[in-house]
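Undergrad: Next comes the sequence, and after it the predicted model I'd like to discuss.
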Amino acid sequence: MAPEPPLSAARQYRPNRFVSLPAELDPDTYDSSPEKRRAEAERLAIRSRLKRQYLLQLNNPSPPAVIENPALIRWAYAKSQNVYPTFRLTPKTSFLGAAYALGPLLFWMFVLKADRDRKEKRIQEGKYKRPFSVFF
């Protein structure tokens, strides 16, 4: 009688509470529901039709001037044209917008005003002699 083949790693592995289940042995990855498998098959069919259409255009003996790739067009549209529909006005975004717009202006106004006041105080005390300047 021939010896039995050794058990596979999937059969030998026993999950325990200290180590999570590897993705290869996770039942969610290989034991999917019929609806999930049907949706995956449908997406695969759509992808294969688009790929076939693209390859037919690519390998055409008299190709058009521009070969349109629908996935690339969708990506370019989402990247460039479709920016603001995903933006939501919230108190946080309003505060950040005001901080980035008004923050630097207020900071430099404060710095320049403080410098001017310091110079004016030193001039009144007689500790600062104004240099002659034609332009300033």
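TA: That came through, no problem.
Undergrad: residue nearest the centroid of the protein?
TA: Geometric centre of the chain, nearest residue: Lys79, 10.2 Å, by CA atoms, centre = their mean.
Undergrad: Can you check which helix is longest in this structure?
TA: In the chain, with assignment by DSSP state H, the single longest helix is helix 91-125.
Undergrad: could you say what helices and strands that helix packs with?
TA: With contacts defined as 3 or more CB pairs under 8 Å, 6 or more residues apart in numbering; DSSP states H and E, there are no secondary structure elements packing on helix 91-125. All C-beta atoms are positioned from the backbone trio N, CA, C, and that covers glycine.
Undergrad: what is the mean pLDDT for it?
TA: Averaged over helix 91-125, pLDDT sits at 95.
Undergrad: on that earlier part again, what are the phi and psi values at the residue nearest to the centre of the chain?
TA: When read as degrees, to the nearest 10, the backbone of Lys79 gives phi -70, psi -40.
Undergrad: any idea how far Leu72 is from it?
TA: Plainly put, Lys79 is 10 Å away from Leu72 if you go by CB to CB, to the nearest Å.
Undergrad: Then Arg88?
TA: In this view, Arg88 and Leu72 are 28 Å apart by CB to CB.
Undergrad: What of Pro63?
TA: Counting by CB to CB - Pro63 and Leu72 are separated by 16 Å.
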